[in-house]
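Novice: Predicted coordinates and the sequence they were generated for:
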Amino acid sequence: MNRGSRIFAYTTWVVMISLAIIVFTNNFLVYIADPDWIGLVALLGFGFIYLNFSYFINKRYIRKVLQKTSIHYLLALLIFLPPAAWVIFISDRISGGRILFLVVIAFACGLGAVYGYRAGKRQQQKQLDRLRERE
């Protein structure tokens with residue numbers, strides 16, 4: 001698959017899955033505004049979900065890209081945009097913790113992009129080493 005079509009495929013399904021995650025977990029946004037430990041667990045749960053999603057996507061994408069690229073930051077941004085738009089424009093359930101939620105999700109997506117890039121490059125190097133050993 002050439003580079004342009006691969007980028008298009010990844011960006012479209014990243015946006016769709018990110019939007020699906022926030023739509024299906026919309027009922028749990030109520031708990032984020034809770035000042036007790038339940039709010040902290042809910043906030044960290046959302047952060048963990050988006051961190052892992054960003055890590056997985058970026059690792060999978062970078063594994064097959066041989067040249068240096070910064071598309072992983074674009075993928076992280078596209079993972080962040082649907083929940084951010086949902087919380088800002090649509091959801092009335094999260095009132096007090098809106099800014100904190102956005103900061104946690106942005107941090108999680110960025111962290112997932114950085115570590116996913118590193119893990120993808122390590123996997124790519126291992127795969128290239130195995131191919132060189134076969135020759």
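Specialist: Now that the structure is in, tell me what you want to look at.

Novice: Model confidence score at the residue sitting nearest the centre point of the chain, please.
Specialist: Per CA atoms, centre = their mean, the C-alpha nearest to the average position across the chain is that of Ser54, at 2.6 Å. Here, the pLDDT recorded for Ser54 equals 96.

Novice: same question, the one 4 residues further on
Specialist: Reported pLDDT at Asn58 in the predicted model: 94.

Novice: who are the neighbours in contact with it?
Specialist: 72, 75-76, 112-113, 116-117, 120 (CB atoms under 8 Å, 6 or more residues apart in numbering). (Glycine included, C-beta is placed from N, CA and C.)

Novice: related to what we said a few turns ago, might one say that the residue nearest to the centre of the chain is in contact with Ala76?
Specialist: Yes: contact between Ser54 and Ala76 holds when scored by CB atoms under 8 Å: they sit 5.3 Å apart.

Novice: Give the residues shared as contacts by these two.
Specialist: Taking CB under 8 Å, 6+ apart as the contact rule, Ser54 and Ala76 both touch 109-110, 112-113.

Novice: okay, among the contacts of Asn58, which ones form the most distant pair?
Specialist: Using CB to CB, the contacts of Asn58 reach their maximum pairwise distance at Ala76 and Gly120, which is 13.1 Å.

Novice: Looking at the two, which one has more neighbours?
Specialist: Between Ala76 and Gly120, counting by other CB atoms under 10 Å, Ala76 is the more crowded of the two (27 against 21).
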